[in-house]
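Trainee: need the 3D shape of this:
(2 chains)
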Amino acid sequence: DAGITQSPRYKITETGRQVTLMCHQTWSHSYMFWYRQDLGHGLRLIYYSAAADITDKGEVPDGYVVSRSKTENFPLTLESATRSQTSVYFCASSVSAAHTDTQYFGPGTRLTVL
Amino acid sequence: SQQGEEDPQALSIQEGENATMNCSYKTSINNLQWYRQNSGRGLVHLILIRSNEREKHSGRLRVTLDTSKKSSSLLITASRAADTASYFCATVADRGSTLGRLYFGRGTQLTVWP
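Mentor: Numbers count the residues shown, from 1 in each chain, chains lettered A, B, ... in the order given. Here you go, the predicted model:
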């Protein structure tokens, strides 16, 4: 039972490079989310997706692109990485959009932009 | 901002003692959830309390909610070293949100010494 996985777990890149973070879940959950976690800010929502081919912006979407061609995958792309995007990125999923739904988190990707 | 705010930022106690963490928020909520994050890991859902509930228990966890004061508390009784982690409250708005989006606070770092 793999649950929700993220890859890579650690990534170092340079300013201006494109980087894609992968997220895969095995539960067939409809909803998937991308958060970033920074000291002093807690977790902030970047993008979310209600289903395949349906995505929407969260609180901090600038500089990021997402896609969801398959229910189980939700990649996050940094089109041109900046130092301010150095962070820990978490992917999460939930069964539906019901207010009482629990979100299940992946282990995170620690990204460093030099 | 709908973000919750935890207090204290850090808490250090001995095994066997109780740990109390508080969360304050600004807007009306549908529910409030508590998550735990072990070092280097993703978040794990602990407990959810609805806006019409005042108290909820789950094992050694007790959560209270005071909607008039817009605050919640998480009590961990008889703490163990394994409870060492960061604890986050997350709120779900009761209006203006078409999705059960979570708004996280910055967390309380709990350290339980053997």
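
Trainee: where's residue B:86 relative to chain A, distance?
Mentor: Computed as CB to the nearest CB, to the nearest Å, the residue B:86 to chain A distance reads 10 Å. No exception for glycine: its C-beta is placed from N, CA and C like everyone else's.

Trainee: ok, that residue - how many residues close by?
Mentor: Burial of residue B:86 is recorded as 21 neighbouring residues (other CB atoms under 10 Å in any protein chain shown).

Trainee: can you name the next helix or strand after the strand or helix carrying it?
Mentor: Assessed by DSSP states H and E, residue B:86 sits inside strand B:85-93. Counting by DSSP H and E, the next helix or strand C-terminal to strand B:85-93 is strand B:103-104.

Trainee: now the helix or strand following that next one: how far from the chain's centre is it?
Mentor: Next helix or strand after strand B:103-104 toward the C-terminus (DSSP H and E): strand B:108-113. The chain centre lies 14 Å from the centre of strand B:108-113; the measure is CA atoms, centre = their mean, to the nearest Å.

Trainee: now the angle from strand B:108-113 to strand B:85-93?
Mentor: Inter-element angle recorded for strand B:108-113 and strand B:85-93: 150 degrees (by axes from the mean of the first three to the mean of the last three CA atoms, to 10 degrees).

Trainee: for chain A, what spans make up the strands?
Mentor: With DSSP state E as the criterion, chain A has strands at A:4-7, A:10-13, A:19-25, A:31-38, A:42-51, A:54-57, A:64-66, A:76-78, A:87-94, A:104-105, A:109-113.

Trainee: now those in TSV, with mean pLDDT, distance to chain B and mean neighbour count?
Mentor: Output for the strands of chain A, formatted as TSV (pLDDT from 0 to 100; distance: least, CB to the nearest CB, whole Å; neighbours: other CB atoms under 10 Å in any protein chain shown):
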stretch	mean pLDDT	distance to chain B	mean neighbour count
strand A:4-7	96	8	18
strand A:10-13	97	11	14
strand A:19-25	97	11	20
strand A:31-38	94	7	24
strand A:42-51	91	4	20
strand A:54-57	92	8	14
strand A:64-66	97	15	18
strand A:76-78	98	15	19
strand A:87-94	95	6	24
strand A:104-105	92	3	22
strand A:109-113	97	9	18
